[in-house]
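>>> heads up, no residue letters with this:
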Ligand code: GLA
């Protein structure tokens, strides 16, 4: 087969390139309802990006666009800036030329059109395919690259971007989400200056700890929530990523997004395609809010997240309530409490496993996934039974990619662990990372998941608490530079296998808080854990940040006792803007608090179709004022849920009404405040009133406490009459 392919290749090379594939006279237009990316073939069959932005009124205008920027720039010949692709051939030649060799388009769904552009080097048998999938209604384009060659020996890929995009503007404003443990997704905007700004990670597993693979880029002037042009982009990769923004001498900006090439030169054998992760982007002319809504709709409806349009489970988690300190009777009691609260599921967190080295704290037991008999004499089966008796489901925490040195797994399989052969082991949270490049380890990890799900667990929390250091895989031998890439591929292989057998079991992706918020992982997960920080004030900012790129039904948001000085109502109202859960001792709630919480769960379930599936409009940013306000509006505009939070509001500070968005101006809406403490009367003047959408959007309503009290909140339900 490969001999045959090589012969075909030689025949192809014998024919002059121009005869093989005529440059299309028409430009290649990848477009959605409102966005166009235009590519054109120019001199020497080079592919240029001639346009990216709002759709032009007349398609004829796409013909005459200037050809200034090679679309996907290869390194080694005339390139002067950040390359998209750098290949070192089998003979050591480090150059690549990419010439247009054909294009295919197909309608692959009523809303979806795919374009594949073939490029090849006229001298060396290397082929590159640029893939574009355009989602019309959502205005989202997904793109990735495939590289394959037919050389006699392997070639080395040194850079391999998923995508490269070009911009021309006087200024560029980049919004990024940076963070740390317990302060994830902090929003920061800056003007790009000449040179290269890089957002990247080299952490391997807990990859998004300090930076996330998502950004906004506004050309010319900063975009607001409702105004300005802005691109929102995100890389679907649960590992090392690199987003580079290079502003050149002529103020052109080259954006490249892909796997971080750091320590990752990839040796590619002939005939084996190297497929990059997907880069997903949208372009809005109406500010960041529209860009977020485009991504949310795409994620929910086009498979960006698992089961995006299906309901989620509300839950009670025991982590903050018990930490490692529990046994069977205690858990049985907590499950009864979960049922009393009215949630769908009880989630057992860390601390249930290990017998030789019971998991009494984080120093031991990780890797030994058998229930600790002293704590749980009747195993997980008993817990599933108790939950079933209580009329709820049972879920369980695992951290299957990791191992404590104090574990039976470590003793049995030292070769399964990533560590340098000749240096001391380097611990973080007393643990090491298993080598997921190794198929045996992949089988082991799959087995852990399968064991839990086959014995009745209806939900998994999949954690990953550390990064990779002292990176070295015994399995990879001489190919150490494949480690970071093959690790993530191994992880995806396991997850794909899990999804084959359990296509719909909800799973939460967690990484020492929110260090794995990306669409590569979310293909297999229904939700992610944004942060271990569950202080409700901090959560407003953290959830605000992630909501820019991910829909609310993916943001696990729990009511906890992290900061008891905040009212239970405030904590609940903050959790209700995402996917509601609890991590409290229900038995310690006062009767009044319990009644409030039971009612809140009911209200949340009733309104969750709007919160999970509606369009999000961010109305007042916590970054710009002492308040935060947002509203979810059902697609049919017949229902909406508005949230208002007073944050560090100061004495006598004026609190202004909030103008709503997304409503039908012609319809009238009845406003009802929900989530009041038992006996509490609404202080909002709009409660019980009916207003037109026009009024609510132009005049607005008070969504905050008129007396400007700190850390107070309100939820208003809007129902069209
Ligand atoms: C991580 C997670 C927490 C919890 C602990 C358990 O820190 O982010 O939610 O599950 O691990 O050890």
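Arrived safely, thanks for sending. What you see is a predicted model; the values in this text were computed from it and never measured.
>>> Now do residue 708, the pLDDT please.
For residue 708, the model assigns a pLDDT of 75.
>>> Which residues are in contact with it?
Applying Cβ atoms under 8 Å, 6 or more residues apart in numbering to residue 708 gives the contacts 646, 649, 650, 651, 652, 653, 654, 655. Just so you know, the C-beta spots here come from the backbone N, C-alpha and C atoms, and that holds for glycine as well.
>>> quick one: it from residue 651, how far?
Here residue 708 is placed at a distance of 8 Å from residue 651 (Cβ to Cβ, to the nearest Å).
>>> Near the ligand, which residues of this protein are found?
319, 349, 350, 397, 463, 465, 510, 512, 513, 529, 532 (Cβ under 6 Å from any ligand atom).
>>> just those now: which is nearest the ligand?
Nearest to the ligand among the residues of the chain next to the ligand is residue 350, at 3.5 Å by Cβ to the nearest ligand atom.
>>> got any ranges where this protein has weak pLDDT?
Within the chain, the ranges that satisfy pLDDT under 70 run 1-24.
>>> Scan it for its longest helix.
Longest among the helix segments of the chain by residue count, using DSSP state H, is helix 591-613.
>>> Mind giving me the packing neighbours of it?
The contact analysis (3 or more Cβ pairs under 8 Å, 6 or more residues apart in numbering; DSSP states H and E) places helix 591-613 against helix 328-341, helix 568-575, strand 579-583, strand 627-633, strand 639-646.
>>> residue boundaries of the helices in the stretch 601-721 of the chain?
Taking DSSP state H, counting those that start in this stretch as the criterion, the stretch 601-721 of the chain carries its helices at 693-698.
>>> Repeat that for the stretch 101-250 of the chain.
Here the stretch 101-250 of the chain has no helices by DSSP H, counting those that start in this stretch.
>>> Run through the residues that contact whatever residue of it ends up closest to the ligand.
Residue nearest to the ligand within the stretch 101-250 of the chain (Cβ to the nearest ligand atom): residue 181, separated by 8.3 Å. Contact analysis of residue 181 by Cβ under 8 Å, 6+ apart lists 209, 512, 513, 532.
>>> Make a markdown table out of these and add secondary structure.
Shown next, in a markdown table, are the contacts of residue 181 (DSSP: H, G, I helix; E, B strand; the rest coil):
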| residue | secondary structure |
| --- | --- |
| 209 | coil |
| 512 | coil |
| 513 | coil |
| 532 | coil |
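>>> In the residues you listed, which residue is surrounded by the most others?
residue 513 (26 neighbours; other Cβ atoms under 10 Å).
>>> any idea how far the residue positioned nearest the centre of the chain is from the ligand?
Nearest to the mean C-alpha position of the chain, by Cα atoms, centre = their mean, lies residue 518 at 2.5 Å. As judged by Cβ to the nearest ligand atom, to the nearest Å, residue 518 and the ligand stand 16 Å apart.
>>> can you check residue 609 too?
Residue 609 is 27 Å from the ligand, where distance means Cβ to the nearest ligand atom.
>>> Count the neighbours of that residue for me.
Counted by other Cβ under 10 Å, the residues lying close to residue 609 total 14.
>>> Same question for residue 523.
19.
>>> same deal with residue 534?
Considering only other Cβ under 10 Å, residue 534 is surrounded by 27 other residues.
>>> follow-up on the earlier one: now the contacts of residue 708 in a markdown table, with neighbour count?
What follows is these, written out as a markdown table (neighbours: other Cβ atoms under 10 Å):
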| residue | neighbour count |
| --- | --- |
| 646 | 23 |
| 649 | 21 |
| 650 | 8 |
| 651 | 8 |
| 652 | 7 |
| 653 | 14 |
| 654 | 7 |
| 655 | 19 |
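>>> related to what we said a few turns ago, take the residues of the chain next to the ligand and keep only those in helices.
residue 319.
>>> Dump the residues of the chain next to the ligand to a markdown table, plus distance to residue 564.
Shown next, in a markdown table, are those (distance: Cβ to Cβ, whole Å):
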| residue | distance to residue 564 |
| --- | --- |
| 319 | 17 |
| 349 | 20 |
| 350 | 23 |
| 397 | 24 |
| 463 | 25 |
| 465 | 26 |
| 510 | 24 |
| 512 | 24 |
| 513 | 21 |
| 529 | 21 |
| 532 | 17 |
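>>> how close does the residue of the stretch 101-250 of the chain closest to the ligand sit to residue 362?
Using Cβ to Cβ, we find residue 181 at a distance of 14 Å from residue 362.
>>> related to what we said a few turns ago, for the residue nearest to the centre of the chain, give me its contacts.
Shown in contact with residue 518 (Cβ under 8 Å, 6+ apart): 207, 208, 212, 213, 214, 234, 235, 236, 237, 238, 241.
>>> In this model residue 177 seems to touch the third one, though I could be wrong.
Yes - taking contact to mean Cβ atoms under 8 Å, the distance of 4.4 Å between residue 212 and residue 177 places them in contact.
>>> can you list residues touching both of those two?
Common neighbours of residue 212 and residue 177 (Cβ under 8 Å, 6+ apart) are 184, 185, 549.
>>> and the last one, how many residues sit next to it?
By the criterion of other Cβ under 10 Å, residue 549 has 26 neighbours.
>>> Repeat that for residue 153.
Neighbour count for residue 153, taken as other Cβ under 10 Å: 11.
>>> wait, doesn't it sit right on residue 125?
No - with contact defined as Cβ under 8 Å, residue 153 does not reach residue 125; the gap is 11.9 Å.
>>> before we move on, the earlier item: spatially, which two of the contacts of residue 181 are the most separated?
The distance between the two most remote of the contacts of residue 181 (Cβ to Cβ) is 11.9 Å, for 209 and 532.
>>> Please enumerate the shared neighbours of the two.
Common neighbours of residue 209 and residue 532 (Cβ under 8 Å, 6+ apart) are 181, 512.
>>> which of the shared contacts of residue 212 and residue 177 lies closest to residue 164?
Each of the shared contacts of residue 212 and residue 177 was checked against residue 164 using Cβ to Cβ; the closest is residue 549, at 20.4 Å.
>>> wait, what's in contact with that closest one?
Residues in contact with residue 549 (Cβ under 8 Å, 6+ apart) are 177, 212, 214, 232, 234, 292, 295, 517.
>>> Report all helices and strands that the longest strand anywhere in the chain contacts.
For the chain, the strand reaching the highest residue count under DSSP state E is reported as strand 155-168. Under the contact criterion of 3+ Cβ pairs under 8 Å, 6+ apart, strand 155-168 touches strand 47-54, strand 85-88, strand 140-149, strand 211-219, strand 230-235, strand 252-259, strand 266-268, strand 279-284.
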